[in-house]
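# Here you go, sequence then predicted model.
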Amino acid sequence: GEDVEQSLFLSVREGDSSVINCTYTDSSSTYLYWYKQEPGAGLQLLTYIFSNMDMKQDQRLTVLLNKKDKHLSLRIADTQTGDSAIYFCAESKPGGYQKVTFGIGTKLQVIP
Amino acid sequence: KAGVTQTPRYLIKTRGQQVTLSCSPISGHRSVSWYQQTPGQGLQFLFEYFSETQRNKGNFPGRFSGRQFSNSRSEMNVSTLELGDSALYLCASSLGQQSYEQYFGPGTRLTVT
C-alpha cells in the first residue's frame, strides 16, 4: 500500500541543524520529495531525490535516502527562523509522477 | 514567469450547494493536479489532467469532478457539498509527460456550513 510517515513536530534552536525524518512503505517509489508549507501558503518544492541515489545536497539542504530501510531524511544546516514551517515528505511512482502521496507533515519550530 | 494561480482564494458555501474552483497553471505547463488538504487527512490526491484528459484519479466520490481546457486551465467541481468537504484545495502544475516537479498554487480555502 501507499503510506508515508513522519513525526509531527520538531523544535530546534536557531543556528543548529534540523533533521526531519520520513519512512515510506512502497518499494516501487521512484521519486521522493521534500516540500515546505508556510502558514497560509501553498506547497513549495524544496528538493527531490531519485530512488537510485543515496544523497543529494543543495546549499543548506541535504537529503539522505536509505532505500533498504525505506527511510528519507532532510537536514537543514544553520537553521534560521525563516525555516519555521511544515515540511512534507512525499513520493511518486513511475507512470504516476503527478500522483504524489504525502506524509502528514512535520512542523518545524525554530527558537531564536 | 507567473506562478500557479487559484481563484477564488476563499469561499463559503452551504451544505447541498455546489462549487467550482479554478486553477491557471504556469505558462507552458500542461499537467494540472488537484489535492485536498485537511487537518485530519493531510494532503490527498484528487485527480490529474494532462492535455484535457484525466490521467490519474484518487479515491474520492463522484461528487468531485474536474476538467481541463485547451489552454491548460483547470476547474474542479464539487456537487452536493458536505461539511467534511471543508478544506484547502491545492492545485499544482507541471510540464507533464514524465515531469516529476510540481509547482503549487496558494490554494482555495473552502468552508462548508
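Thanks, I have the structure now.
# Ramachandran coordinates for residue 40?
Chain wasn't specified; assuming chain A. For residue A:40, the backbone dihedrals (degrees, to the nearest 10) come out as phi 70, psi 10.
# could you do chain B instead?
phi -80, psi -40.
# Show the contacting residues for it.
Applying Cβ atoms under 8 Å, 6 or more residues apart in numbering or on different chains to residue B:40 gives no contacts. Quick note: C-beta positions are derived from backbone N, CA and C, even for glycine.
# what about it, distance to residue B:72?
32 Å (Cβ to Cβ, to the nearest Å).
# Buried residues in the worst-scoring helix or strand of chain B on mean pLDDT, which are they?
Lowest by mean pLDDT, DSSP states H and E among the helices and strands of chain B is strand B:53-57, with a mean of 90. Residues of strand B:53-57 classed as buried by neighbour count (16 or more other Cβ atoms under 10 Å in any protein chain shown): B:55, B:56.
# anything in it near chain A?
Yes. Residues of strand B:53-57 are located near chain A by Cβ under 8 Å from any Cβ of the partner chain, namely B:55, B:56.
# That strand: how far from the chain's middle?
Computed by Cα atoms, centre = their mean, to the nearest Å, the chain-centroid distance of strand B:53-57 equals 12 Å.
# lowest average confidence, helix or strand, in chain A?
Within chain A, no helix or strand scores below strand A:96-102, which has a mean of 77 by mean pLDDT, DSSP H and E.
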